[in-house]
Structure formats: C-alpha cells, structure tokens
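S.K.: the following comprises the amino acid sequence and a computationally predicted model.
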Amino acid sequence: MVLGTGGTIAGRSALRGDNIHYTAAQLGIDVLAAEIPGLSEHLQGHTLELAQLAQVDSKDMDSAVWVRLARRTAQALAQPDVRGVVITHGTDTIEETAFFLQSVLPADKPVVLTCAMRPATALSPDGPQNLLDALTLVMTPQARGVMVVCAGVVHAPTHVQKIHPYRLDAFSSGEAGPLAWVEAAQVRWAGADLPAAKPLWDVNALPDPGAWPPVEIVLNHAGATGAVVNALVQSGVRGIVAAGTGNGTLSQSLEAALRQAMASGVQVLRTSRCMLGQVIAPPVADIPVAKGLSPVKARVALQLSLMGLPPAP
Ligand code: ASP
C-alpha cells in the first residue's frame, strides 16, 4: 500500500532541471509510480495499491493530515493481505510524522516513509530511487515498525533529523547512526534494534484534529525573555516545549515565565537545541526533561500525552 501526501517528491518546476524554484505537492502518487522504470520487476509479484491521502508541502503538515494518515495506515496494516505501507512525504517534517506514527501505530509490519530533495521534474530526480528503496524495505522479511528511508539510508523515527536544506542525503540519525542501508535492492542492517512495533497510545482513540491540545515550542537564546511564553499562556496554550541551550538551560527570565506558566496549569517539557546528545536532568526535579527527543518530537510527545489517550492495547 502506498499513500501519497505530497512533498518535493511530488513537486514540479516550470523549467525542467530547476531544483530550487519549484512547487511541492503537485503530482499524484499514481503519476509518481507510473514514472518509475522497472517498477513491476522490482515488486517481485507483489501488487501496489495506491491512495492519495493529502497533497501538501510538508512545511504545512498538520493534525488533520496526521489523523487521516494514522487511521488509514492502521486500517491498511490490519488487512492480512497488506505486506506493509509506504508513505511519500515532504522532507521538512517527515521526522515529526514518523515519530507521531510510531507513537500510535501497532506496526508489526513495516511502515516506511520516504521523500525527495529534488522535484520530479529535476534532470536527475531522487524520488524514484527513494520510492524503490522504500518498497525494497517493505518487502524485506525482517522489516517492521516505522522507518524513514532517504538516499539509501534507513533511519529510526526517534533519531532522524533533517540536517541540510539541499543535499540529497539530507538526513542524519546523529550519534545513534542509521538502522540500515538499501544498496542495489538489498537491505543491509546496521545491527541496531528495530523500532518498537508496539506504540504508546491507542490509535483508535485519537481525537479529531480540532480537539488536539495546542502545544508550542519556545527557544532559549542570547537575550531570551519570557514574552513569548506569557503571550502563549494568554492564548490558552496547554503545553510548551522549551528548547533550551546546551544541557536544556534557560535564561533567568524565560525560566521564570515557564515556572509561572506551570503554576497556571500549562505542562512544560525541557529539551535542548543541541543537535546531538541529550539533556541530563538536574538531581532536583524541576521542569521535566524530554529525554533524547528533539524539540519538535518532544512537542508531538507532549501533545499526545495531553490528549488523555488510553495506552495501546
Ligand atoms: N518543502 C518540501 C516539503 O517538505 C521539502 C521537501 O519535500 O523536500 O514538502
């Protein structure tokens, strides 16, 4: 099952070969699949079922698409004849969608997100190969859980981060390293544990998008004040992720504003804006730490925890 959601992989530019001035999310998943040379041989007798779930530039990814995607993917995974699910997605927020899906999907089958850094109209587009690699991964016997594949590298949702605005290999799993590589239609596993097949939360209990609790991210930086936090509290925010400097440190005024927000019932999670490593919480519990999660993933985790969902069965 291949679900299309848009992104640069479905992008088109007016001038063939223009990899910068293009519009993402233009071509349907049926067109993308039809343009892959040798697709049917690659499928080794498997059948592709295609569905267009959304058509968005993933900078605009939102809870409405996420709810639809989670429900549709869960439904597909429950079908005995479905081997796995491939999701085409923009690169900008693929790491957040992957982390969200891992948190709610019972995935003892593979769910592979893939993308492209160049539009489909590029002289040498990367989307077709990435899509083939995603299909290779889905057809590989050991594969299970949610994964991201780009430029032949397979990443786990918890670790993957987009680290470059243009490079074809735009993703890194940081210190954890990749899960695997796809090379000449073969998967070479790196030896790391595969992502958990059992999610934290019950996908069937996900509320409709309008009922998702608002959670925002606030960054610590030189000269950071509490102004943004105060404005957020006034707007009715339910949770704030504080992307601290270094070991999750916060300026005095930002920290004071966050403590005040906590006192008024807002849930706060402390993370680090550093690319690598993770925050080591101080011995005295104060602002809780989202261990090992980047600010954007901590935001997803906090939002899901604020929904009061039952744990996955
Ligand atoms: N803005 C695009 C998107 O995330 C970038 C991409 O897909 O590479 O949809």
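M.R.: Here it is on my side, so go on. Numbers count the residues shown, from 1 in each chain.
S.K.: list the helices and strands the helix or strand of the chain with the lowest mean pLDDT packs on?
M.R.: None of the helices or strands of the chain scores lower by mean pLDDT, DSSP states H and E than helix 39-42, at a mean of 92. The helices and strands touching helix 39-42, judged by 3 or more Cβ pairs under 8 Å, 6 or more residues apart in numbering; DSSP states H and E, are helix 127-139. Bear in mind the C-beta positions are built from the backbone N, C-alpha and C, glycine included.
S.K.: contact partners of the helix or strand just after the helix it packs on?
M.R.: For helix 127-139, the following helix or strand on the C-terminal side (DSSP states H and E) is strand 145-150. Residues from elsewhere that reach strand 145-150 (Cβ atoms under 8 Å, 6 or more residues apart in numbering): 91, 94-95, 98, 101-102, 105, 107-108, 110-115, 117, 130, 133-134, 137, 154-157, 160, 169-171, 179, 182, 194-197.
S.K.: what's downstream of strand 145-150, the next helix or strand?
M.R.: strand 153-155.
S.K.: that next one pairs with which strands?
M.R.: strand 145-150 (antiparallel), strand 180-183 (antiparallel) (DSSP bridges).
S.K.: who touches that strand?
M.R.: The contact list for strand 153-155 (Cβ under 8 Å, 6+ apart) reads 137, 147-149, 169, 171-173, 178-182, 187.
S.K.: and it, how far out from the chain's middle?
M.R.: Distance, stretch centre to chain centre, for strand 153-155: 13 Å (Cα atoms, centre = their mean, to the nearest Å).
S.K.: that older thread, now restrict the contacts of strand 153-155 to buried residues only.
M.R.: Burial by neighbour count, 16 or more other Cβ atoms under 10 Å: within those this picks out 137, 147-149, 171-173, 178-182, 187.
S.K.: kindly indicate which of these lies nearest the ligand.
M.R.: The closest of the buried ones among the contacts of strand 153-155 to the ligand turns out to be F171 (Cβ to the nearest ligand atom; 10.7 Å).
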